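**Q** how would this look folded up:
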Amino acid sequence: MPRKYQIAVIVGSLRAGSLNRKLAKAMAALAPDTLAFDFVEIGDLALYNPDLDTETPPAPWTRFRAEIAKADGVMFVTPEYNRAVPAAMKNALDVGSRPYGENVWAGKPGLVVSGSAGALAGFGAHHHLRQSLVVLDVPTMAQPEAYIGNLGSLFDDTGALASDDSAAFLGKIMQAYAAWVARHVD
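**A** Numbers count the residues shown, from 1 in each chain. Down below sits the predicted model:
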């Protein structure tokens, strides 16, 4: 029986009706059974400040670090704000990488998915995030790339994917990510 890998999902958009959260849920539903997904919330993380990183750091930091530490891999799904990742996403990276020497991201196989309502599909945020992941020692899948544009038309009125072509494309990404995780974890 194949191993089931635990994948932490970090969604960069904090908005209640986030299209990126819908995208992340759709992709998780299309993934092979070898992957199990835990959505890890980042909206309650105080901005990283080394002065708060004492023996008793903020409780949300402790929760977040523990959730990432137990994951086998991480799927990052992010919109683009001003050609970069949202501040909440960058803050989550910082909280998880500190204090120095206690980086919970290290070695966890990553998948970067960027999505936007426009045609550029979060290209700037995608590459901005990849830059940080190199420093954090997250081996990030390169192919197939996951730039998802026109998110507003990707879902029907019920929140389901509106086309079989979209489902097939996203499913292909998730198949490749499952193989990537297996290659890096085992």
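**Q** low-confidence ranges in the protein?
**A** The chain contains residues with pLDDT under 70 at 1.
**Q** biggest helix in it, by residue count?
**A** helix 164-185 (DSSP state H).
**Q** Does anything pack onto it? Which helices or strands?
**A** strand 5-11, helix 19-30, strand 35-39, strand 73-78, strand 110-115 (3 or more Cβ pairs under 8 Å, 6 or more residues apart in numbering; DSSP states H and E). C-beta here means a position set from N, CA and C on the backbone, and glycine is covered the same way.
**Q** how deep is the nearest residue to residue 113 once chain neighbours are set aside tucked in, by neighbour count?
**A** Using Cβ to Cβ, 6 or more residues apart in numbering and skipping residues adjacent in sequence, the residue nearest residue 113 is residue 146, 4.1 Å away. With neighbours defined by other Cβ atoms under 10 Å, the count for residue 146 comes to 26.
**Q** next one: residue 123
**A** Other residues close to residue 123 by other Cβ under 10 Å number 17.
**Q** One more: residue 141?
**A** 21.
**Q** now residue 140
**A** Around residue 140 there are 17 residues (other Cβ under 10 Å).
**Q** same deal with residue 150?
**A** 13.
**Q** what do you get for residue 82?
**A** 9.
**Q** how close does the most far-flung residue of the chain relative to its centre get to residue 99?
**A** For the chain, the largest distance from the centre (Cα atoms, centre = their mean) belongs to residue 55, which lies 28.0 Å off. Between residue 55 and residue 99 the distance is 11 Å, computed by Cβ to Cβ, to the nearest Å.
**Q** Check the gap between the residue positioned nearest the centre of the chain and residue 183 for me.
**A** For the chain, residue 76 is the residue whose C-alpha lies nearest the centre (Cα atoms, centre = their mean; 1.3 Å). The gap separating residue 76 from residue 183 is 19 Å, by Cβ to Cβ.
**Q** Kindly report the same for residue 72.
**A** From residue 72 over to residue 183 (counting by Cβ to Cβ), the distance is 12 Å.
**Q** Name the residue in these two with the higher neighbour count.
**A** Using other Cβ under 10 Å, the more surrounded residue of residue 72 and residue 183 is residue 72, with 20 against 11.
**Q** Can you tell me, leaving aside adjacent residues, what's nearest to the more buried one?
**A** Residue 72 sits nearest to residue 5 (Cβ to Cβ, 6+ apart), 4.2 Å away.
**Q** before we move on, what about residue 156?
**A** That would be residue 162: by Cβ to Cβ, 6+ apart, it lies 4.6 Å from residue 156.
**Q** Tell me how many other residues crowd that neighbour.
**A** Counted with other Cβ under 10 Å, residues neighbouring residue 162 total 14.
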